[in-house]
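Chemist: How does the following fold in three dimensions:
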Amino acid sequence: MSMQYQPPNLIGATNAVVNAGRFLDRFGQARAPGSIMQYEFQTLKPKKQLKEIIRVLKPEKKTFLKIPYKFAFNIKDRCVICGTQKKWDSSDTLRPPLPLHKVRKGYPMRGTYCEKHAQIHMQYEMLEQQILAEENGLSFSAYIPKPRIPNPLSSGPLTTLTQGDIVSLSSSGWVIHPPKGDSESKEEEMFRLIIECNGTQERMKTLLTEGVRVPIEEKEE
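Modeler: Residues are numbered from 1 along each chain as shown. Now for the predicted structure:
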């Protein structure tokens, strides 16, 4: 009989690594939190592999007297399998779809998948497409997306600023002047003056918040 091990206090961990290999079997290791991994199947037949990986991806449930009664991690930004907290960026190529309570079908869960189980879910999707292609006599080539790595040096100089950028920079002490054209109309001059006025007001609020003392002239008796 395999021993179930649930690591405590996973809230706030984006990629919790738990060294529980001596306590968990292959199935338990696949469902436990950890780094991104490729799930290794016990069988060679694709349809049996599909059943095996669906069993791995089923959401974790609470039990009372060995009777499951409620999902354990059905919370926003929590992995429904291991409970690791993960907030996905909308432009991340590894971002998984909404988990279903029966993996292939069912209602959508409130939680998500962590990086490890998002990779296993992607492996499940590719396996399902491979089986479908083989049944219809088609060729299948797996698509493996690369993780998005931000590069702060790749961005060039800023040429445009939003209203929020202007207010934020002005409150920090920067003086922002809109570019002037050769012939400035009254509307353009009005817009430029409004931006300068808003920036000046935000800077004054920041100075007052930081506790600038305004000298008060004493009246001579």
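Chemist: Three-state assignment for residue 62, please.
Modeler: Secondary structure, DSSP: H, G, I helix; E, B strand; the rest coil: residue 62 is strand.
Chemist: That should have said residue 193, apologies.
Modeler: helix.
Chemist: how many neighbours does it have?
Modeler: 11 (other C-beta atoms under 10 Å). Backbone N, C-alpha and C define where each C-beta goes, glycine included.
Chemist: And the residue nearest the centre of the chain, how far from residue 128?
Modeler: By C-alpha atoms, centre = their mean, the mean C-alpha position of the chain lies nearest to residue 88, the distance being 1.2 Å. Distance check for residue 88 against residue 128: by C-beta to C-beta, to the nearest Å, it reads 22 Å.
Chemist: With residue 174 instead?
Modeler: As judged by C-beta to C-beta, residue 174 and residue 128 stand 53 Å apart.
Chemist: just to revisit the earlier point, am I right that the residue nearest to the centre of the chain is in contact with residue 114?
Modeler: No - using C-beta atoms under 8 Å, residue 88 is not in contact with residue 114, being 9.7 Å away.
Chemist: Which of the helices and strands in this structure ranks last by mean pLDDT?
Modeler: helix 163-171 (a mean of 70; mean pLDDT, DSSP states H and E).
Chemist: coming back round to it: more neighbours: which of residue 174 and residue 128?
Modeler: Comparing residue 174 with residue 128 by other C-beta under 10 Å, the one with more neighbours is residue 128, at 15 against 11.
Chemist: Give me the distance from the strand or helix carrying that one to the chain's centre.
Modeler: The secondary structure element spanning residue 128 is helix 115-135 (assigned by DSSP states H and E). From the chain centre to the centre of helix 115-135 is a distance of 21 Å (C-alpha atoms, centre = their mean, to the nearest Å).
Chemist: hey, what's residue 100 bridged with?
Modeler: residue 108 (DSSP bridges).
Chemist: what's the spacing between it and residue 68?
Modeler: Taking C-beta to C-beta, one finds residue 100 at 17 Å from residue 68.
Chemist: Need the distance between the two termini of stretch 94-107.
Modeler: 22 Å (C-alpha to C-alpha, to the nearest Å).
Chemist: which residue sits closest to residue 70, ignoring its sequence neighbours?
Modeler: Among residues not flanking residue 70 along the chain, residue 62 sits closest, at 4.8 Å (C-beta to C-beta, 6 or more residues apart in numbering).
Chemist: Thought residue 108 was touching residue 100, still the case?
Modeler: Yes - assessed by C-beta under 8 Å, residue 100 is found in contact with residue 108 at 6.1 Å.
Chemist: did I read that right, residue 68 in a strand?
Modeler: Yes - counting by three-state DSSP, residue 68 falls inside a strand.
Chemist: which one is it nearest to, not counting chain neighbours?
Modeler: residue 61 (3.9 Å).
Chemist: Over to residue 53?
Modeler: residue 124 (4.7 Å).
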